[in-house]
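> This is a predicted model, with the sequence first.
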Amino acid sequence: MSLLKPGHRGCAGCCDALAGKFVLDALGEDCIVVSPTGCLEVFTTPYPESAWGVPWIHSLFENAAAVASGVEAAFKAMGKMNNTKIIAIGGDGATMDIGLQAISGAFERGHDFTYICVDNEAYMNTGIQRSSGTPMYASTTTSPAGKVSFGNPLNKKNMPAIIAAHGSPYVATASVAYAPDMIRKVKKAAQIKGPTYVHVHAPCCTGWKFEGSKTIEVGRLAVETALWPLYEMENSEITGVRKIKNRKPVEEYLKAQGRFKHLFTMEGGAEEIKKIQATADWNVKHFGLD
Amino acid sequence: MRKRMVVVEGSYAVAHAVKVCKPNVISAYPITPQTHIVEDLSQFAADGEMNCEYMNVESEFSAISALIGASAAGARTYTSTTSQGLALMHEALFNASGMRLPIVMTVVNRALSAPINIWNDQQDSISQRDTGWIQLYAEDVQESADMTPQLYKIAEDEDILLPAMACMDGFILSHVYEPVILLEQSLTDEFLPDYTPEFVLDPKNPMSFGAFADPSTYTEFRYKQEKAMGVALKRIEEVALEFSEKYGRYYGGLLDGYMLEDAEIVIMAMGSVIGTIKDTIDMLRKEGENVGLLKVRSFRPFPADEIRKALKNAKVVITLDKNISVGKNEGALCTEVKACMYNNRDVLAPVIGFMLGHGGRDIPVSTIVKMINKAKLVEKGIFIESEFADLREDLA
Amino acid sequence: MKLIIKTVAKPGSTRANKTGAWRSFMPVFDHKLCSKCGICAIYCPEGVVHKLENGFFEPDYEYCKGCGICANECPKKAIIMVLEGK
Ligand SMILES: Cc1ncc(C[n+]2csc(CCOP(=O)(O)OP(=O)(O)O)c2C)c(N)n1
Ligand code: SF4
Ligand code: SF4
Ligand code: SF4
Ligand SMILES: [Mg+2]
């Protein structure tokens, strides 16, 4: 049975619950999990209940990496660091925006831990506000599409590259739609000494506006359209890429989600979709996905 | 046995006291005038004199956050900061206390920006009053050092489990060279038991720390913190006595009186200004004036009962504050002392609040005499509620 | 009463909260169509699809929220979603 126990309050079809489950499947019992504030933290631990079957700590929204580094330092100092894996699991907002400095510090200090970003591409816990993980033209509650706007005007921040630039020995992207691949990468990241990073694409039915039954399907489409390339980097070099057999046009991914609906109804939407297709094409070239 | 005195910098005496408390994890980030403490600790670590993880973090926010993780993992933890650094920690201070993690931190008191100013006042720690941390204020270097093992013992008490700040005035105490007794390792080992918390992050006994509390459970977390502060009120006194038995030094527990019994005018203050006040009292006593001192050592928990008892015979009370609540025209000690008297008929003495020493402005004996003279005017019906005691007329 | 509040929560204690009540559609597993691949168990966000002794899979309806991921992902279309109370 999963170490993330049922009874939690995640939405039906929740991507974050899947990500949490896969991480624990990969790690087993001998780990300590640090969660910043966010959906996964809130819906798993309504006091006095907890869904976590492993030791777990939540402190604040922006400090998970620092807390994890303190746990690691304590274990080292007290001679308890046998095989125990120390893991932080944060949302895109906690990781790419408000917690970035603490993550940078922890990676630079070289703590032996793994940081996992569960990227559902917005601040979901507070109601789908835009973050630096939100992709271009997604409509969110703070970057809504409107008469003169196609939604979020900015490109997604390239977080894996930022971590790789810290000299991390292992950086990987993954998706909740590819469970065996994700579990393998989390395991590998945890086993490699030093600060490692896995960035997990996590389609959120509530925030992206699709039916809960389609969480995996939407995640698969992101990979199949090359909008979410799956790759591994070791010491800043790309060492593994998941090739795409029959690449799909980005429209298939976009039209599956309410957050991009306006692109298909607004005048000029088709032109803007071309820009998103260009991003996918760039990914194909850059990562050699074909 | 005569104890050996050495002349060292205040920061060194504190760093040495931290060392003999054997913390497992220290996190550090530089800021004047706290820096010498963490520098000295890093040297101890570099010389192999400490068996601990010394973390150079990227901000004070991470300094305290790392200790939250380390403390939850069962480690004894230490950091030190000042002013802007303490303000940056603000959010995490509540968190450490709410999670009941007995982190000990030396706050080297300094003014807050703007205008930026590196010198001493106590606005920084006073502004963290409501974060749920124990706060003791030291009078001199020796007390600043001796407070460290005392605070570990209090904070780690299983009926308390609250984080604690040892507050020492920046430069005045941190950078002064004074003869002190460095805390003996053997005595400290006897005085301070190991930290063995019941709940820790442990894969063999998994627990969840920092859960989300809704309206049906949140209030009791606060209530229990308050109860723990109540226990701390007793333990601060007891631990001060235990310390004095072991090391032969005593600075008061919650409070300390000086020439208090027959004093008609009582000055209340915290920190290094106590020394100047004592000098002033000695001088005025010779002139036959009934002036005394009530040193406030513990600001949190606030010893309201003890203060009322100590002030029973006072005719006028003067409070000194190196801080201000802008918009209240008062410092925190003044407000709190007045508040603790309102519902109690034992003390009828009026309280006059003086704010002074901001941003490192010197507090000479003459300023204290001036305040005492103003207190004497109460008899003649001239009463000041609260004012700045050391304004420069040319700038004001 | 102990003075310190138990600031910690017990592992796995959300099990007290039976989320099966959330369901409006119920997944029904047809073992005749099932190939025992286990994909339904992997992708259930509640982690409540179990392997039976005979190798087939069934959800724990006490917790199943009826999200329909299992039905959507089943390669054999062996799971159908049925309106609750029908
Ligand atoms: C300092 C601070 N600012 C803002 C918040 C409010 N807040 C809590 S969770 C959250 C959103 C979390 O977003 P993300 O990290 O992407 O995780 P998600 O909920 O999307 O999984 C926000 C904005 C907070 N708790 N603390
Ligand atoms: S909003 Fe999204 S991430 Fe949050 S609980 Fe619902 S499905 Fe999960
Ligand atoms: S996914 Fe379908 S075919 Fe596979 S085990 Fe489950 S029910 Fe059977
Ligand atoms: S409907 Fe959803 S919650 Fe229920 S068993 Fe299927 S995947 Fe799990
Ligand atoms: Mg998010």
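That came through, no problem. Ligands and ions are numbered 1, 2, ... in the order given.
> Just give me the neighbour total for the residue nearest to residue A:133 when sequence neighbours are not counted.
Leaving aside its sequence neighbours, residue A:133 sits nearest to residue A:92 (CB to CB, 6 or more residues apart in numbering or on different chains; 3.1 Å). For glycine as for every other residue, the C-beta is placed from the backbone atoms N, C-alpha and C. Neighbour count for residue A:92, taken as other CB atoms under 10 Å in any protein chain shown: 27.
> so how far is residue A:129 from residue A:92?
11 Å (CB to CB, to the nearest Å).
> just residue A:23 next, same as before
Per CB to CB, residue A:23 is found 25 Å from residue A:129.
> Spell out the secondary structure type for the residue of chain A found nearest ligand 3.
Nearest residue of chain A to ligand 3: residue A:216, at 11.4 Å (CB to the nearest ligand atom). Classification of residue A:216 using DSSP: H, G, I helix; E, B strand; the rest coil returns helix.
> Spatially, what comes nearest to residue 254 if we skip its sequence neighbours?
Picking chain A for this. Nearest one to residue A:254, counting by CB to CB, 6+ apart, is residue A:260 at 4.1 Å.
> hmm, I had chain B in mind actually
Nearest one to residue B:254, counting by CB to CB, 6+ apart, is residue B:303 at 3.9 Å.
> more neighbours, residue A:23 and residue A:129?
residue A:23 (28 against 16).
> if I pick that one, what's in contact with it?
A:33, A:87, A:89, A:116, A:186 (CB atoms under 8 Å, 6 or more residues apart in numbering or on different chains).
> how about a cut-off of 7 Å?
Counting by CB atoms under 7 Å, 6 or more residues apart in numbering or on different chains, residue A:23 makes contact with A:87, A:89, A:116, A:186.
> Quick check: closest non-adjacent residue to the last one.
Translated: residue A:186. Counting by CB to CB, 6+ apart, the residue nearest residue A:186 is residue A:26, at 3.8 Å.
> So the one you found: helix, strand or coil?
Criterion first, three-state DSSP; result for residue A:26: helix.
> Kindly provide the distance from the residue nearest to residue A:133 to ligand 4.
24 Å (CB to the nearest ligand atom, to the nearest Å).
> Which residue comes closest to residue 35 once chain neighbours are left out?
Let's take chain A. Nearest non-adjacent residue to residue A:35, counting by CB to CB, 6+ apart: residue A:41, 4.2 Å away.
> my question was about chain C
Nearest one to residue C:35, counting by CB to CB, 6+ apart, is residue C:76 at 5.3 Å.
> which residues touch that neighbour?
C:33, C:34, C:35.
> which residue sits closest to residue A:235, ignoring its sequence neighbours?
residue A:169 (5.7 Å).
> What does the one you found show for phi and psi?
phi -70, psi -20 (degrees, to the nearest 10).
> so what's residue 50 scoring on pLDDT?
Chain wasn't specified; assuming chain A. On pLDDT, residue A:50 comes in at 96.
> Chain C, not that one
pLDDT at residue C:50 comes out at 97.
> Likewise for the one 3 residues further on?
What the model reports for residue C:53 is a pLDDT of 97.
> Check residue C:2 too.
47.
> Just the element for residue A:232, please.
Secondary structure from DSSP states H and E places residue A:232 in strand A:231-234.
> what mean pLDDT does that strand have?
Mean predicted lDDT for strand A:231-234 stands at 98.
> Please apply the same query to stretch B:17-25.
Per-residue scores along stretch B:17-25 average to 98.
> Report the contact partners of the closest residue to chain C within the stretch 51-200 of chain A.
The nearest approach of the stretch 51-200 of chain A to chain C comes at residue A:51, 4.2 Å away (CB to the nearest CB). Residue A:51 sits next to A:4, A:5, A:7, A:8, A:44, C:12, C:14 when contact means CB under 7 Å, 6+ apart.
> and ligand 4, which of those residues reach it?
By CB under 6 Å from any ligand atom, no member of the contacts of residue A:51 lies near ligand 4.
> Any chance of a PyMOL selection covering the buried ones in these?
Entered in PyMOL, the line below selects the buried ones among these, by 16 or more other CB atoms under 10 Å in any protein chain shown:
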select buried, (chain A and resi 4+5+7+8+44) or (chain C and resi 12+14)
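> Let me have the contacts of residue A:51 in a markdown table, extended by secondary structure and pLDDT.
Below are those laid out as a markdown table (DSSP: H, G, I helix; E, B strand; the rest coil; pLDDT from 0 to 100):
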| residue | secondary structure | pLDDT |
| --- | --- | --- |
| A:4 | strand | 97 |
| A:5 | coil | 96 |
| A:7 | coil | 97 |
| A:8 | coil | 97 |
| A:44 | helix | 97 |
| C:12 | coil | 93 |
| C:14 | helix | 95 |
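> Wait, residue B:178 touches residue B:141, no?
Yes. Taking contacts as CB atoms under 7 Å, residue B:178 lies within contact range of residue B:141: 4.5 Å.
> Now do the shared contacts for these two.
By the contact definition CB under 7 Å, 6+ apart, residue B:178 and residue B:141 are jointly contacted by residue B:10.
> Those two: which is more packed in?
residue B:141 (25 against 15).
> Could you report the separation of the more buried one from residue C:25?
In terms of CB to CB, residue B:141 sits 72 Å off from residue C:25.
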